[in-house]
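> here's my sequence, what's the structure:
(2 chains)
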Amino acid sequence: MKEDYLWNKTGSDTGIEQLENALAQFRFNATEPPTLPAKILALPEKRSYGFFKLGLVFAVSLVVVGSIVWMRFTTINSSAGFGDSAKQSEVRDVPVSIPAVDSKPAIDSGPREKHFVRTVQPVRIAARPIRIVAGRSQIKTQPEKLTREEKYAYGQLMLALAITSNELKIVRDKINGREERNAADDRQK
Amino acid sequence: MRSLTRCSLKLGMLLLFAAPLAIRAQDARLHFEKLNGLDTKARDVVEVNVDGKVLDLAKRVLAKSKDPDAVKVGQAITGLQAIYVRAYTFENENEYNLGDMDEIRSQLQAPGWTKLANVRSKKNNQKVDVYTMFSGDVMSGVAVVVSEAKSIALVNVIGPIDIDMLAELGGRLDIPRMDIDITGSKDKPKN
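Have a look, this model is predicted:
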């Protein structure tokens, strides 16, 4: 193998030449670059979810703000008392008559100008039913239903207490009556 | 092991002190057996025994209630152990044996009972006795015995009870005012 043929193609080297001939079909051929097909395929466009996301964020924030406002409102009501109308304040313009600075007689002063002073006055508003929420479950406000045995026991106890209270009241009334009668007799004497 | 011994010792001491109190409270129980036959003779009969489980159930019901009067009643009967009531009203006079009532009154002469009130009236032959029993400073029983010409009534309360509060609550809550003719129309409390 001669080095010259391999590097600058001078002289001859049969081995390399044979190899060249064998790979001739892969030889570089300087031609025009390949052109793209005339028809360009239109790929489906990617949908943008930006508007939907924005709407979702807005809705969530609206719910959060709404629930905070509602909770604050119920807290105010509950602090005002059970079942009673709650008191809240209202800014109201109250007409007042302010005497003129100069102490001229009323005849000379003419019609007085009405002044308004902004005051804060309590206003009664109807209270909403209060719901006390403990965790996820709501505390039961309804009275629990009594079983037959409980009803019977309660009835028996109430009957016994009723008779007892009746008897004790009779005794007390009798004693009080006698004491009053004795006091009246003493007064007469 | 040592803690177990100490614990059982404490329990024993507690039982030792609690037992006489319990026995003392049971002393306040009156015996109404003599009146057993009266339910057939009487026009109106009320026989109520509230103790043990029935009383516990009733207390539980009261505890559930949020009514202020119910709360008061619940407080008045916190330590109540039992309550026995007998009330009989007869059509005619002297349909019951006076000796039976005297026998019941004699039970109240036993040591421990203290007379709180005693009313005697010739009108209707009325006799009213109120007795209380105390264990130390704690009331352990009340007995009310009322007898008239046409009626008798007995109340036996075992355990502490607020008498004044009960008298105040009569007719309120779900305590019905009883229409038992035991004192005559003039003496009956107005509803």
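
> list the buried residues for stretch B:66-73?
B:70, B:72-73 (16 or more other Cβ atoms under 10 Å in any protein chain shown). All C-beta atoms are positioned from the backbone trio N, CA, C, and that covers glycine.

> may I have it as PDB, with CA atoms only?
Extracted in PDB, the C-alpha atoms of stretch B:66-73 (Å, rounded to 0.1, in the frame of the first residue of the first chain):
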ATOM      1  CA  LYS B  66     -82.000  22.300  78.400                       C
ATOM      2  CA  ASP B  67     -85.100  23.700  80.000                       C
ATOM      3  CA  PRO B  68     -84.100  25.900  83.000                       C
ATOM      4  CA  ASP B  69     -86.800  24.400  85.100                       C
ATOM      5  CA  ALA B  70     -85.700  20.900  84.200                       C
ATOM      6  CA  VAL B  71     -82.200  21.900  85.100                       C
ATOM      7  CA  LYS B  72     -83.400  23.100  88.500                       C
ATOM      8  CA  VAL B  73     -85.300  19.900  89.100                       C
END
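
> hmm, that stretch touching chain A?
Yes - using Cβ under 8 Å from any Cβ of the partner chain as the criterion, contacts between stretch B:66-73 and chain A involve B:66, B:73.

> could you list the low-pLDDT ranges of chain B?
Counting by pLDDT under 70, the low-confidence segments of chain B come to B:1-26, B:169-191.

> oh sorry, the question was meant for chain A
Within chain A, the stretches with pLDDT under 70 are A:1-2, A:37, A:75-144, A:178-179, A:189.

> can you list the residues of it near chain B?
Close to chain B, as judged by Cβ under 8 Å from any Cβ, chain A has residues A:143-144, A:146, A:149-154, A:156-175, A:178.

> so where do the strands sit in chain B?
All strands of chain B, identified by DSSP state E, fall at B:44-51, B:82-89, B:113-121, B:126-135, B:138-147, B:151-158.

> any part of the first one near chain A?
Yes - contact of strand B:44-51 with chain A (Cβ under 8 Å from any Cβ) involves B:46, B:48-50.

> any chance of these in CSV, plus neighbour count?
Below are the residues of strand B:44-51 next to chain A laid out as CSV (neighbours: other Cβ atoms under 10 Å in any protein chain shown):
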residue, neighbour count
B:V46, 18
B:V48, 21
B:N49, 16
B:V50, 26
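
> ok, of the residues you listed, which one's closest to A:G66?
B:V50 (53.8 Å; Cβ to Cβ).

> what's near enough to touch B:A58?
The contact partners of B:A58, by Cβ atoms under 8 Å, 6 or more residues apart in numbering or on different chains, come to A:150, A:153-154, A:156-158, B:50.

> helices - which of these land there?
Of the contacts of B:A58, the ones assigned to helices by DSSP state H are A:150, A:153-154, A:156-158.

> and the strands of chain B, which is most packed in?
strand B:151-158 (a mean of 25; mean count of other Cβ atoms under 10 Å in any protein chain shown).

> list of residues touching it?
A:160, A:163-164, A:167, B:25-26, B:28-30, B:32, B:35, B:38, B:51, B:80-90, B:96, B:101, B:104, B:140-147, B:180-182.

> any idea how far the residue nearest to B:K150 when sequence neighbours are not counted lies from chain A?
In this structure, B:K150 finds its nearest non-sequential neighbour in B:F90, 5.1 Å apart by Cβ to Cβ, 6 or more residues apart in numbering or on different chains. Distance of B:F90 to chain A, given as Cβ to the nearest Cβ, to the nearest Å: 17 Å.

> was I right about B:F90 contacting B:A42?
Yes - proximity of B:F90 to B:A42 meets the contact threshold set by Cβ atoms under 8 Å, at 5.4 Å.
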